[in-house]
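J.: Quick one: sequence and predicted model below, then my questions.
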2 protein chains.
Amino acid sequence: MPIAVSDIERASSQTVKAQLALRDLILSGDLKPGDRISELNLVDRLGMSRTPIRMALARLEDEGFLEAIPSGGFTIKAFSERDVYDAIELRGTLEGFAARIAAERSVRGRLIEDMKVALRRIDDIAALPTLSVDHFSDYVGLNARFHALLVEAADSPVLKRQIERTLNLPFASPSGFVRVQAEMPEARKILIIAQDHHHCVVRAIEDREGTRAEALMREHARLAQRNLQLALRDQGTRSLLPGAVLIRGAMRSGVF
Amino acid sequence: MPIAVSDIERASSQTVKAQLALRDLILSGDLKPGDRISELNLVDRLGMSRTPIRMALARLEDEGFLEAIPSGGFTIKAFSERDVYDAIELRGTLEGFAARIAAERSVRGRLIEDMKVALRRIDDIAALPTLSVDHFSDYVGLNARFHALLVEAADSPVLKRQIERTLNLPFASPSGFVRVQAEMPEARKILIIAQDHHHCVVRAIEDREGTRAEALMREHARLAQRNLQLALRDQGTRSLLPGAVLIRGAMRSGVF
DNA sequence: CCAGTTGTTCTCGTATACAACATGAATTCT
DNA sequence: AGAATTCATGTTGTATACGAGAACAACTGG
C-alpha cells in the first residue's frame, strides 16, 4: 500500500521524511532494481539537502532495499523468487520460535486475552456473507495486530528486533498478501485456514505445547508462500503485491 | 578479542574507522551501558569530524549496540542475561534453519568437502595431549569457518544476512565463548561434544536429514548457553567474555 | 520553602562547501 | 582500426557552519 503523502510530510525529521519517500519511490517502481542511485538527483526530487538523504540511504541499505557499491553509492536490490520464498519461510521460523518460547515461558494473561479479542473480530469478519474491500482492510489490521501480539508474548526484545527486520521486506510481511488474497477466488478458504492456525496457536500457547505452537506458525507462513506463488503467476494480481517490482524472474515478461 | 590498532588505522574510510573504534570503545567498557554518547566528545577522541562519527553511530544502532533517544542522540544498550540467552538460542534457531534447508536442497559437493576439511583440522587439535593458547586460537578460526560454511551451504542470501546480524552481538557469536572455554576445566569435554555436533550435522546434511540437522544445530547453540552460564558466574572467566561489560545483572557486584 | 519560569548552554539535525575519487569520453599512438 | 591514455565531468566522502530545540540551572513569585 502506498504511503499517504500526509504521512511523509508530517514526519518530524527530514531523515524520516527522506526514508519514507525513498521507500515509496522504490516500491512504486519509480526507481528500478539495478539502478544506481544518484544523491544529487534525490536532492532535487525530495527538496532537501544531501545529509538526511544519505542517512536515509544507509537506513534503507540496512532494511535490505539497497546494496552498497564497493566504490561508493548504492543500487536498488533485486530479489529472486526464491529469495522471497526464503524470506517468508524465515519469518515462519522466527514466528515459530516466538510462539514456542511464548508457550514454554509463562505468558501473562493480558496478552493472551488481547490475542483472543483480535481473533474474535477476525471471526466476525469471516462469518460475513460477502467480503468488501473495507472488510479486508480491517482484516489486514487485525491480522497484523495478532502477529504483533504473538511477538510481544515471546517477551524477548532481541527476537522482536530480529522479526521486525525480517518484516521490513514488504513481501515477507504477514500483511503483504492480503490485497492479493482479496482478489482471489480462494480468498475465503485461505482466510478460514489462516484463522484456524491463529486459534490453534493460541490454544497451544495456553497449553504450553511449545513444539505444536512452533510447527503451526511455520505452516502458517507457508500459506503466504502459496499465495505468493499464485500471485506471481498472474499479471493482474501481481500488481497488488507490495514490492513486486523488486522481484525479478518468473513472469517478468508479461503483458508489457 | 580487541581489535588491533593497525586494523583501525588501515581502514579505508573514516566512517569504518569510526565504527571499529567505537565498537572497541564500547566492548572495552570505556563507554558504559546507559551512558549518553556525546558526538563532540568523540570528535576529540577519534580525531575526525562529526559526519563519519554520526554514520558510525547509526550503524552501531543497527548492530544493536546503541539505543536511540527519542529526543535525539544515543545511549549504550545494556543486555540482561536473558537477552543473551535469547540471542544465542536465536542463533541456534537460524543456524538450524540453515542446516535444514542445506539438507533439503541439494548442496554442492565442494562446500561439504570444505566443511569436512575444517572438521578434520579441528579433530587434529582435539587429539593433542595439551591445548595451548595458540591451539585454541586455531580452533576459534576453524570453528568460525565451519559455521560460515554452513550458512554458505544454505545458499540463501536472505538468511545469510539475518544470521550475520545476529552475530553482530559478540556474545551471540559461536566464537564468543572459546576464550572462556580455554580457561575452564571442562574445556576438552565441551570441545569434543561440540565437534561431535559438527560431524553429525555434516552427515545429516549429506543424508538429507533436514529435521535432524536442524535439531543438532539448535542443541549445538545450547552448548554456548551452558558456557555462558558458567562464565558469568565467575568473575575471572567473565572478563574473558567479549562484550561482557554490556551484560547487566547477575554477579555484577563482584570483587570490585 | 517550593514551584513555576526564564535564560543560558549545550546538543543534535540540517545545509553546504570542498577535495579525492571513480567513471566515461575524447584523443592520440601503434 | 583498436587500444591505451589523458582529460573532463560527475560522484561520493568528509569537514564545517548554522539554527532549532532540549536539558539544566538560576531566579522569581507565591
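T.: Nice, I can see it.
J.: the bottom helix or strand of chain A by mean pLDDT?
T.: helix A:5-10 (a mean of 59; mean pLDDT, DSSP states H and E).
J.: next SSE after that helix?
T.: helix A:14-27 (DSSP states H and E).
J.: in the next helix or strand after that next one, what counts as buried?
T.: Next in sequence after helix A:14-27, counting helices and strands by DSSP H and E, comes helix A:39-46. Residues of helix A:39-46 classed as buried by neighbour count (16 or more other C-beta atoms under 10 Å in any protein chain shown): A:42, A:46. For every residue, glycine as well, the C-beta is placed using N, CA and C.
J.: ok, now stretch A:81-101?
T.: Buried, per 16+ other C-beta under 10 Å, within stretch A:81-101: A:83-101.
J.: got it, and stretch A:156-172?
T.: Quick answer for stretch A:156-172 (16+ other C-beta under 10 Å): A:156-163, A:165-172.
J.: With stretch A:217-229 instead?
T.: A:217, A:218, A:220, A:221, A:223, A:224, A:225, A:227, A:228.
J.: For the most centrally placed residue in chain A, list the residues it contacts.
T.: Nearest to the geometric centre of chain A sits residue A:173, at 1.8 Å (C-alpha atoms, centre = their mean). Residue A:173 makes contacts with A:91, A:144, A:167, as judged by C-beta atoms under 8 Å, 6 or more residues apart in numbering or on different chains.
J.: In three-state terms, label the residue in chain A sticking out farthest from the centre for me.
T.: Farthest-out residue of chain A from its mean C-alpha position, per C-alpha atoms, centre = their mean: residue A:71, at 31.5 Å. Here residue A:71 is recorded as coil under DSSP: H, G, I helix; E, B strand; the rest coil.
J.: Please read off the pLDDT at it from the model.
T.: Residue A:71 is assigned a pLDDT of 90 by the prediction.
J.: measure it to residue B:13 for me?
T.: Here the criterion is C-beta to C-beta, to the nearest Å. By it, residue A:71 lies 12 Å from residue B:13.
J.: Can you report phi and psi for residue A:175?
T.: Torsion angles at residue A:175 (phi, psi; degrees, to the nearest 10) stand at phi -90, psi 0.
J.: Return the residues of chain A in contact with DNA strand D.
T.: Residues of chain A lying close to DNA strand D (C-beta under 7 Å from any atom of the strand) are A:36, A:37, A:38, A:39, A:40, A:41, A:50, A:51, A:54, A:72, A:73.
J.: which two from those residues end up farthest apart in space?
T.: Among those, the pair separated by the greatest distance (C-beta to C-beta) is A:36 and A:51, at 20.0 Å.
J.: Look at these two and report which has more neighbours.
T.: residue A:51 (13 against 10; other C-beta atoms under 10 Å in any protein chain shown).
J.: For the helix or strand where the more buried one lies, list the C-alpha coordinates in CSV.
T.: Secondary structure from DSSP H and E places residue A:51 in helix A:50-63. Coordinates of the C-alpha atoms in helix A:50-63 are reproduced here as CSV (Å, rounded to 0.1, in the frame of the first residue of the first chain):
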residue,chain,number,x,y,z
ARG,A,50,22.2,15.6,1.0
THR,A,51,22.7,14.9,4.6
PRO,A,52,19.3,13.5,5.5
ILE,A,53,19.2,11.7,2.2
ARG,A,54,22.4,10.0,2.9
MET,A,55,21.1,8.9,6.3
ALA,A,56,18.0,7.5,4.7
LEU,A,57,20.1,5.6,2.2
ALA,A,58,22.1,4.0,4.9
ARG,A,59,18.9,3.0,6.7
LEU,A,60,17.4,1.5,3.5
GLU,A,61,20.5,-0.5,3.0
ASP,A,62,20.1,-2.0,6.4
GLU,A,63,16.5,-2.7,5.7
